[in-house]
Each structure stands twice: as structure tokens, then as C-alpha cells.
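K.L.:
I would like the atomic coordinates for the input below:
(chains A and B)
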Amino acid sequence: MAALCVAAAGLFVTRPAKLPDGALDGLSADPANGEQVFYAAGCISCHAAPGTTGPAKLTLAGGQAFPSDFGTFIAPNISPDPDHGIGGWTLSEFASALRYGSSPDGQHYYPAFPYTAYAHMTDQDIADLWAFWQGLPPSDVPSQPHQVGFPFNIRASLGGWKMLFMSKDWVVADIPSPEVERGRYLVEALGHCGECHTPRNALGGLDTANWLGGAPNPSGSGKIPSLAALDWAASDIAYYLETGFTPDFDSAGGHMAPVVQNFARLPAADRDAVAAYIKALQ
Amino acid sequence: MYKTIALVAGLALLATPAISQNINGAVKARQGQFNVLAINLGVLGGMAKGEIEYSAEAAGAAADSLVGVAMINQAPLWPAASDEMAIDGTRAKADIWDNWDDFQSKWDALGTAAAAMKVAAAEGPDAIGPALGALGGACKACHEAYRAPAN
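P.N.:
From the prediction side, this is the model:
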């Protein structure tokens, strides 16, 4: 009985956090900025249907599989369809998903959805992204269940995970300039570069002591390169994010190719800011 | 054009005996052709960025080399069981062999982009940038699907 009470108390403190209804309603939203946030954050890379290219990618029907040590997660339909997507959601529900990894019906999301990064998004960027969302095409393709076994299929246990691995603090605290600060926002919040470039501990949390230090490839052989030890000039990093070309004119591939495709759509100043942040790590 | 034919012939000479010998030869030959692409892109990219002085002749020669490499028949360079799960020293994913038609069409797209670069290279450094973007798109599309990260 005591154990049960302790367990219940544990679940209580780790219950999904949510923003109150209407919390962000006072902001006037700019869908053009929302589009930039959309590409910088790479929502399209995970939620577009597998194999789609060009404008068809904007239909966020889901279906891509993300293998991990804990099972395979399938990206859901997050198009504005009211029945199969998130068309029936409020702005606060959308914001709670991004900021706290919490669903409208009070469940924890799996961190395969990189909300530990998106938690740092500004209210304004979330409101702008939601305004942009309203113009995306709906899809009536139903979301598929994840292929995750016991005990990882129990979402309540994710509350403890979040307490361990979700932080309001930035990884890099020392920021020498406004440009590096913008770069930090693009890397740590929107671009979620750490999700691929930082190694994980046994519980699947990012090893921030080894921030952007390179990691095994979760979906096959080879390694994801270190950014902390990257010896390229800042202009080389910015050029790579624009064109995919390395300083030796090899070309980016694998899971980095969609990141380049997204970052090529951002203003040059943003690519420069990311490069400045990476150089500041070194 | 003469240069292109000479280049293709030269690469074919390099490649042919290697293939008949073993899989390693084929892997070396296909990696070699990619390095020829990268070296020539370096010339064109340097001109587009203003790091190398533009000359129509040098730009044209680099573009000819790209066109020449894109003309190399790929089939003999990708023998069965030469993927990264089967052997060391390659980053070629096994998916290439499961989707050969798609792989081949991505190679053909490289040829189209190289031909456009040939036109741009004659026009001047400002035309090279956009053509380089299209070429990069062709490289990236294939590497996204068919090349594993390095070790």
C-alpha cells in the first residue's frame, strides 16, 4: 500500500504539464515567420509521408519509421485534418506538445518527437508556426501505432524520463555575441542538431557533457560526425548548410540531406549564426 | 569534346582490368570517379565563390570532366555483394541493388545537371553558382538514399 502511494505520488509529480487554455492567444501571429520556423525546426523531415518529394511533402500525413533502442516509433499524421491530424487542436494544445511533450488528453509523448529541444521555442515562434500550419493541406491517412514493447509502451513512465533529461537551461551558457545567441537558438531549440550529433546514455537521454561530440548512427552503420571537433572555417559550415558541399566538394547525404534542404531556405544570416555557434564550441 | 572522350577512355582503362580482377577493383574505380567529380566541382565552386579567378577555359574543362564522368556506364562498377554490409571499405548501401532503376535515374540526373553546368561555365562566374546548386542537388539526392555515413 505504501509502495503504491509512493508510486502514485511519483506519477503525480511527473504528470504531463500543460499550458492553460488561451495562454498564447494575445500574440499577433506572422505566418511568414512561422514558415521559417517550420523549416528551421525540420517538422517536415519527420512528418512528411515516406518517399514524398517536392510540394507533396507539405502534406504531413506521417508514416516514417524511427528505429531506436526502445522500439520503432512511427511519425503520426499532424496535418490540419480535424479527424486524423491535429486540425481540432487549440494553440495552447499545440504549444503544450512542443514545450512539454504533453498531449491534449494528458499523456506524455516519446522523445523521438524532439520536444526536449522545442521546449526552448519562444511563445511568438510557436504562435507563428501555428498560424503557418493553418495553410497546410489536410490528410485523412490514419496515424499508425508505434512498435514499442513493454515496459516502454507505458507512457506514464516517461514522466520520470522527462524529469531526468528535460531542462529549461541551455547547454551552452556562455554566449559571447547576439549572433552566437541566435545560433544557439537555431541549433539547440529549432534545428535539434543534438538529437543526431550528441551521443546518448543508457536511458536514451542526451549526454550533454559530450555536446555535439558525434554519435553512433541509430539507423545503420557508420557514425554521425562530431561538430564540436569540426575543423572547418565558419564560412565552410555556412556553405555546407546552404549547398551540402563540404570544403572538399563532397556532398552531404543520409539524414543530413533533409537538414541542408531545410536550412537552404533560411536567410544567410541564420546559417552564419549556426556556424558562429559551432565555432564558439571549439 | 576531345577532352571528354579522352577522360572517359582513361577512366574506362583504369576501371576495366580492375573489375575483371575483383570486387575491390570495382569499388576503387567507382570511388575514383566520385573523387574526379569532387575535384572538378572544387574548381567551379572556387570560381563561384570568387576564391579562384574565373577563366572560361578552366571552367569549361572542369565542366567537360563532369559530363565525362556522368557518361561512365555504372553497372560494372557496382557488382553484387559490394555493399557496406557485405564488405569493408565502402559506404554503398544495399538499397542500391534493391532499387537499381532509381539509382540509375539519380545518376542520369547528374548527367543533366552536368550538361547545364557546361552551358553555365561558358557564361561566366555568376552563372556557375546556380548550376552548382543544381549539381549539388543531384549529388545530395543520391547520397541521401544510397550512401551510409563514414566510420
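
K.L.:
Whatever residue of chain B ends up closest to chain A: what secondary structure?
P.N.:
Chain A sits closest to B:H143 of chain B, with a gap of 2.6 Å, by CB to the nearest CB. (Glycine included, C-beta is placed from N, CA and C.) In three-state terms, and counting by DSSP: H, G, I helix; E, B strand; the rest coil, B:H143 is helix.

K.L.:
So which residues on chain A come close to chain B?
P.N.:
A:217, A:220-225, A:239, A:243-245, A:248-254, A:257-258, A:260-261 (CB under 8 Å from any CB of the partner chain).

K.L.:
how about the strands of the stretch 51-200 of chain A, start to end?
P.N.:
Taking DSSP state E, counting those that start in this stretch, the strands of the stretch 51-200 of chain A run over residues A:65-68, A:71-74.

K.L.:
Would you mind finding the most buried of these?
P.N.:
strand A:71-74 (a mean of 16; mean count of other CB atoms under 10 Å in any protein chain shown).

K.L.:
what about that one, distance to the chain center?
P.N.:
On the basis of CA atoms, centre = their mean, to the nearest Å, strand A:71-74 sits 16 Å off its chain's mean C-alpha point.

K.L.:
I'd like the average pLDDT over it.
P.N.:
Averaging pLDDT along strand A:71-74 yields 94.

K.L.:
can you pull the contacts of the single nearest residue of the stretch 1-150 of chain A relative to chain B?
P.N.:
Using CB to the nearest CB, the single residue of the stretch 1-150 of chain A nearest to chain B is A:T53, 8.7 Å away. The contact partners of A:T53, taken as CB atoms under 8 Å, 6 or more residues apart in numbering or on different chains, number zero.

K.L.:
Pop out the phi and psi values for it.
P.N.:
Here is the backbone geometry of A:T53 (degrees, to the nearest 10): phi -140, psi 170.

K.L.:
Including distance to A:D83, could the strands of the stretch 51-200 of chain A go into JSON lines?
P.N.:
Converted to JSON lines, the strands of the stretch 51-200 of chain A look like this (distance: least, CB to CB, whole Å):
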{"stretch": "strand A:65-68", "distance to A:D83": "23"}
{"stretch": "strand A:71-74", "distance to A:D83": "18"}
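
K.L.:
of all the ones you listed, which lies closest to B:D108?
P.N.:
The minimum distance between B:D108 and those falls on strand A:65-68, with 28.9 Å, by CB to CB.

K.L.:
which strands and helices sit next to that closest one?
P.N.:
strand A:71-74 (3 or more CB pairs under 8 Å, 6 or more residues apart in numbering or on different chains; DSSP states H and E).

K.L.:
the helices in chain B, which residues?
P.N.:
B:2-21, B:23-49, B:56-70, B:95-98, B:100-123, B:125-146 (DSSP state H).

K.L.:
Report whether the third one contacts chain A.
P.N.:
This points to helix B:56-70. No. Helix B:56-70 lies out of reach of chain A by CB under 8 Å from any CB, never closer than 10.8 Å.

K.L.:
Please apply the same query to the second one.
P.N.:
Yes. Using CB under 8 Å from any CB as the criterion, contacts between helix B:23-49 and chain A involve B:34, B:37-39, B:41-42, B:45, B:49.

K.L.:
Check these for burial and list the buried ones.
P.N.:
B:37-38, B:41-42, B:45 (16 or more other CB atoms under 10 Å in any protein chain shown).

K.L.:
quick check, nearest of the residues you listed to A:H120?
P.N.:
B:G45 (34.8 Å).

K.L.:
ok, B:I39 touching A:F249?
P.N.:
Yes. Contact status for B:I39 versus A:F249: in contact at 7.4 Å, counting by CB atoms under 8 Å.

K.L.:
Stretch B:140-151 spans what distance, first to last residue?
P.N.:
Length of stretch B:140-151, first residue to last, CA to CA, to the nearest Å: 19 Å.

K.L.:
Buried residues in it, which are they?
P.N.:
B:140-149.

K.L.:
give me every residue that touches residue 113.
P.N.:
With no chain named, the answer covers chain A. Contacts of A:F113 (CB under 8 Å, 6+ apart): A:97, A:101.

K.L.:
wrong chain, I was asking about chain B
P.N.:
B:131, B:134-135, B:137-138.

K.L.:
Repeat the analysis, applying 7 Å as the threshold.
P.N.:
Counting by CB atoms under 7 Å, 6 or more residues apart in numbering or on different chains, B:A113 touches B:134-135, B:138.

K.L.:
what about it, distance to A:P114?
P.N.:
33 Å (CB to CB, to the nearest Å).

K.L.:
A:F66 now?
P.N.:
For A:F66 relative to A:P114 (CB to CB), the value is 10 Å.

K.L.:
A:M121 too?
P.N.:
11 Å.

K.L.:
How many residues are close by A:S28?
P.N.:
8 (other CB atoms under 10 Å in any protein chain shown).

K.L.:
Next up, phi/psi of it, please.
P.N.:
Dihedral angles for A:S28 - degrees, to the nearest 10 - are phi -90, psi 130.
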